[in-house]
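Engineer: take this sequence and fold it.
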Amino acid sequence: METLKTLYQRYREIINYLFFGVLTTVVNYVTYLVMSPFFVLTTVPTVVAWVLSVLFAYLTNRKYVFCSHSTGRDALKEAGGFVTARVMSGVLDVAIMWVFADCIGFNDLVIKLLSNVVVVVFNYVASKLVVFGKKKSR
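Structural biologist: Numbers count the residues shown, from 1 in each chain. So this is what the prediction gives:
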């Protein structure tokens, strides 16, 4: 049991990131499932699901993954950076799918899985280094 505790402490950030990433996916999917019957097109429920899942991801990443204690302007800057990174990863996901599935013709399900791996890594690096990176003391 002590070994598990030691492993968790050593890899706490990555384990929490993956755990809350799964929950973020659940928030996104459930929101979409609940809203989609009320709309003819998928755009509105997709956007609402994305917004709620990014909000959930920001709050959980801030508190449980990267343990940020920023307040005021710093917290707003952090939130803006988080959303910007998520928009960029969304564009990256769409671009990967378009190039490899639509243009080249690779299997879209395989490419979607590979794209998700790239997006998860991108989001973690962006969050770790840019959004929740250690602030330089003045």
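Engineer: can you get me the start-to-end distance on stretch 31-51?
Structural biologist: This stretch, stretch 31-51, spans 10 Å end to end (Cα to Cα, to the nearest Å).
Engineer: low-confidence bits of this protein, can you list those?
Structural biologist: Within the chain, the set of residues satisfying pLDDT under 70 comprises 1, 134-138.
Engineer: that one: helices as residue ranges?
Structural biologist: Ranges of helices in the chain, per DSSP state H, are 2-35, 43-60, 72-96, 108-125.
Engineer: just the angle for the first one relative to helix 43-60, thanks.
Structural biologist: It refers to helix 2-35. Using axes from the mean of the first three to the mean of the last three Cα atoms, to 10 degrees, the inter-axis angle of helix 2-35 relative to helix 43-60 is 150 degrees.
Engineer: do the same with the third one
Structural biologist: With the same axes, to 10 degrees defining the directions, helix 72-96 sits at 130 degrees from helix 43-60.
Engineer: what comes up buried for helix 72-96?
Structural biologist: Going by neighbour count (16 or more other Cβ atoms under 10 Å), the buried part of helix 72-96 is 78, 79, 81, 82, 83, 85, 86, 89, 93, 96. Where you see a C-beta, it was placed from the backbone N, CA and C, and this is true even at glycine.
Engineer: distance to residue 50 for those - can I get that in a markdown table?
Structural biologist: Formatted as a markdown table, the buried residues of helix 72-96 follow (distance: Cβ to Cβ, whole Å):
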| residue | distance to residue 50 |
| --- | --- |
| 78 | 19 |
| 79 | 15 |
| 81 | 17 |
| 82 | 13 |
| 83 | 10 |
| 85 | 14 |
| 86 | 8 |
| 89 | 11 |
| 93 | 11 |
| 96 | 17 |
